[in-house]
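Chemist: when you get a sec, could you give me coordinates for this:
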Amino acid sequence: MACLVAIAALAIAGCGGDGDTDAPATGVEAIKAANDVDKSAFPQADGKKTIEQISKEAGALPSDRTALTPATNNFVSGRVNRVPFGLFDIDRTPLWGPTVMYVSTGAGQPAEGPFVVAANALDVPEKYRSETSGADYETIGSGFYTALFNAGKDVDKVSLMTLTKVGDEVRSAITGLRLAKDDPTPAPGERAPSIKTDTLDDVDTSAEEVCTREPADDMHDISLDKALGKGKPVVLIFSTPALCSSRVCGPVNDVATEVQAQVGDRAIFIHQEIFKNNDPTAGYRPQVLKYGITSEPYTFVIDGDDKVATQLAGPFAAQELRAALDAAGLE
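Modeler: Numbers count the residues shown, from 1 in each chain. This next block holds a predicted model:
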């Protein structure tokens with residue numbers, strides 16, 4: 001079955017200043033440049049060309065020079081999927097520039113595209129940044145791309161290719177994604193499972209038991225089972241800022257802290273840690289297993305009727321969380 005695709009992408013540039021003009025752009029200027037996408041300057045798929053043919057037509061460097069790294073692993077057929085990812089050079093330097101994406105159902109299959117990739121900044125004010133996340137922004141390049149695609153019910157895999165203009169070069173990056181038939185987590189439209197999440201009332205000695213962020217965020221005052229039924233949107237974040245393998249949990253909690261300050265008590269924010277005793281070798285906390293979480297961070301925005309309005313797997317920017325809250329009926 002053909003892969004019906006809708007792309008809406010987010011790119012956030014990494015830290016850095018004005019360097020050599022021949023070097024890849026970084027910082028705010030890279031974000032502005034990445035928004036200047038001329039779709040007509042990239043090859044058209046025309047429903048016939050494969051991603052390999054498109055890459056060759058674009059004169060792109062070999063795809064093994066650039067890594068497209070997804071930041072989550074939960075993709076489901078028959079619905080719109082959100083794919084956060086990073087683009088990196090072979091030395092792990094983040095790559096930013098005007099970018100488009102093509103999607104096919106596999107190698108050798110006709111592709112669709114190009115779809116324009118938009119750029120936005122992860123400009124969390126310093127007062128909302130934690131000590132825990134300090135090094136994370138630099139490690140991940142302070143940014144990520146996000147694409148949305150609808151693969152159709154009969155699609156169990158897709159191939160994604162990005163083309164990015166970096167100076168005079170065109171960089172291609174390719175990755176494959178497997179799609180599950182059923183979502184292991186509560187899907188949009190489903191009722192959010194009512195579970196007890198860890199709160200400060202459960203702490204014996206220190207808030208560190210329920211929050212690895214330093215300082216601890218203000219998202220541990222109420223358990224989810226008590227928050228549901230209040231008629232307010234709920235932001236439920238599964239993350240472990242100090243122990244996150246993807247290094248984006250800390251920035252995600254920073255963004256949520258910023259948005260929490262903006263919306264006040266119109267929404268309820270809950271942060272649930274991932275590992276028992278905050279020890280990755282001890283296994284997952286029961287709340288993580290109950291929600292079927294397969295990667296962290298993982299965020300659910302729940303509406304006033306206690307149904308999941310939006311899933312945000314992996315990183316997100318403030319405007320994306322605000323949009324999800326608006327969709328959940330934020331007053």
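
Chemist: low-confidence stretches in the protein?
Modeler: Low-confidence segments of the chain (pLDDT under 70): 1-29, 31, 120.

Chemist: which parts of it are strands?
Modeler: 9-11, 66-70, 80-89, 99-104, 111-119, 145-150, 157-166, 169-178, 234-238, 268-272, 298-302, 308-313 (DSSP state E).

Chemist: tell me what the longest helix anywhere in the chain is packed against?
Modeler: Assignment by DSSP state H gives helix 249-263 as the longest helix of the chain. With contacts taken as 3 or more CB pairs under 8 Å, 6 or more residues apart in numbering; DSSP states H and E, helix 249-263 sits against helix 134-139, strand 234-238, strand 268-272, helix 318-327. C-beta: built from backbone N, CA, C; applies to glycine.

Chemist: repeat that with 6 Å
Modeler: On a contact count with 3 or more CB pairs under 6 Å, 6 or more residues apart in numbering; DSSP states H and E, helix 249-263 meets helix 318-327.

Chemist: which strands and helices lie in contact with the helix it packs on?
Modeler: Packing contacts for helix 318-327, counted by 3+ CB pairs under 6 Å, 6+ apart, involve helix 249-263, strand 308-313.

Chemist: would TSV of the ones you listed with mean neighbour count and distance to residue 233 be doable?
Modeler: Shown next, in TSV, are the helices and strands packed on helix 318-327 (neighbours: other CB atoms under 10 Å; distance: least, CB to CB, whole Å):
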stretch	mean neighbour count	distance to residue 233
helix 249-263	23	9
strand 308-313	22	7
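
Chemist: do you know which of those lies nearest residue 172?
Modeler: Residue 172 lies closest to strand 308-313 among these, at 24.8 Å (CB to CB).

Chemist: and the contacts of that closest one?
Modeler: The contact list for strand 308-313 (CB atoms under 6 Å, 6 or more residues apart in numbering) reads 72, 74, 186, 188, 190, 192, 298-303, 324, 327-328.

Chemist: re earlier: dump the helices and strands packed on helix 318-327 to a markdown table, plus distance to residue 123.
Modeler: Shown next, in a markdown table, are the helices and strands packed on helix 318-327 (distance: least, CB to CB, whole Å):
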| stretch | distance to residue 123 |
| --- | --- |
| helix 249-263 | 10 |
| strand 308-313 | 18 |
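
Chemist: and of these, who's closest to residue 275?
Modeler: Taking the helices and strands packed on helix 318-327 one by one with CB to CB, helix 249-263 is closest: 11.6 Å.

Chemist: relative to the whole chain's centre, how far out is stretch 220-232?
Modeler: Distance, stretch centre to chain centre, for stretch 220-232: 25 Å (CA atoms, centre = their mean, to the nearest Å).

Chemist: rewinding a little: and which of the contacts of strand 308-313 is nearest residue 234?
Modeler: residue 302 (4.2 Å).

Chemist: what about the closest one, distance to residue 230?
Modeler: Look at residue 302 and residue 230: by CB to CB, to the nearest Å, they are 11 Å apart.

Chemist: please apply the same query to residue 141.
Modeler: From residue 141 to residue 230 the distance is 38 Å (CB to CB).

Chemist: do the same with residue 153
Modeler: 36 Å.

Chemist: same check on residue 163?
Modeler: For residue 163 relative to residue 230 (CB to CB), the value is 47 Å.

Chemist: more neighbours, the two?
Modeler: residue 163 (27 against 12; other CB atoms under 10 Å).

Chemist: so what pairs up with the more buried one in the strands?
Modeler: residue 100, residue 172 (DSSP bridges).

Chemist: isn't it right next to residue 100, touching?
Modeler: Yes. Residue 163 is within contact range of residue 100, at 5.4 Å (criterion: CB atoms under 6 Å).

Chemist: what touches both of those two?
Modeler: Shared contacts of residue 163 and residue 100 (CB under 6 Å, 6+ apart): residue 42.

Chemist: what's the domain layout of this protein?
Modeler: 9-178, 200-327 (automatic domain parsing).

Chemist: okay, and the beta partners of the residue lying closest to residue 293 once chain neighbours are set aside?
Modeler: Leaving aside its sequence neighbours, residue 293 sits nearest to residue 238 (CB to CB, 6 or more residues apart in numbering; 5.2 Å). Residue 238 has the following beta-bridge partners by DSSP bridges: residue 272, residue 298.

Chemist: what about residue 238, neighbour count?
Modeler: Residue 238, neighbours per other CB under 10 Å, totals 26.

Chemist: if I pick it, what's in contact with it?
Modeler: Taking CB under 6 Å, 6+ apart, one finds 272, 293, 296, 298 in contact with residue 238.

Chemist: could you report the neighbour count for residue 148?
Modeler: 15.

Chemist: just to revisit the earlier point, give me the buried entries from the contacts of residue 238.
Modeler: 272, 293, 296, 298 (16 or more other CB atoms under 10 Å).
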